[in-house]
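Engineer: Give me a 3D structure for the following:
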Amino acid sequence: MVYNEEYYRAKRWHVENPHVYTLFCHRARFLREQRGFTHYSAWALLNALRWHYDVETVGDRFKIPNYMMAFFARKYNSEYGVEFFKTRRSVLDEVEEVSCATKP
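Structural biologist: Numbers count the residues shown, from 1 in each chain. Next up, the predicted model:
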């Protein structure tokens, strides 16, 4: 498995703020199951969390850093076995599994 600094930066932030991913998944499932969306934008969903939810985070000067979009989108698609979030080529593509596994 290939690891890179972008992956570890996102992973560290996720470990410090797991509640954000929980909320991300909750909103994505709502959009899929209740609203009937077959695809959605991770950018739009994270910006909704930034602006419309009272979410406290640690580890970065921004509430939810932009580099979490690719991480969360890939993690959600992988965990739920769907392609709900379209993804572009990213350094995270080099990581075989975007998970919470620890660094070897």
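Engineer: so how far is residue 51 from the most centrally placed residue in the chain?
Structural biologist: Geometric centre of the chain, nearest residue: residue 72, 1.2 Å, by C-alpha atoms, centre = their mean. Counting by C-beta to C-beta, to the nearest Å, the separation of residue 72 from residue 51 is 16 Å. C-beta coordinates here come from the backbone N, C-alpha and C atoms, glycine included.
Engineer: who does the strand or helix carrying residue 25 touch, helix- and strand-wise?
Structural biologist: Of the helices and strands defined by DSSP states H and E, residue 25 is found in helix 18-29. On a contact count with 3 or more C-beta pairs under 8 Å, 6 or more residues apart in numbering; DSSP states H and E, helix 18-29 meets helix 42-52, helix 68-80.
Engineer: which helices and strands sit right next to the helix or strand of the chain with the lowest mean pLDDT?
Structural biologist: Within the chain, confidence by mean pLDDT, DSSP states H and E is lowest for helix 5-16 among all helices and strands, at a mean of 88. Packed against helix 5-16 by the contact rule (3+ C-beta pairs under 8 Å, 6+ apart) you find helix 68-80.
Engineer: Specify the angle between the helix it packs on and helix 18-29 in degrees.
Structural biologist: Using axes from the mean of the first three to the mean of the last three C-alpha atoms, to 10 degrees, the inter-axis angle of helix 68-80 relative to helix 18-29 is 70 degrees.
Engineer: ok, how many other residues are close to the residue nearest to residue 27 when sequence neighbours are not counted?
Structural biologist: When the adjacent residues along the chain are set aside, residue 27 lies closest to residue 45, with 5.7 Å between them (C-beta to C-beta, 6 or more residues apart in numbering). Neighbour count of residue 45, defined by other C-beta atoms under 10 Å: 21.
Engineer: Good, wrapping up.
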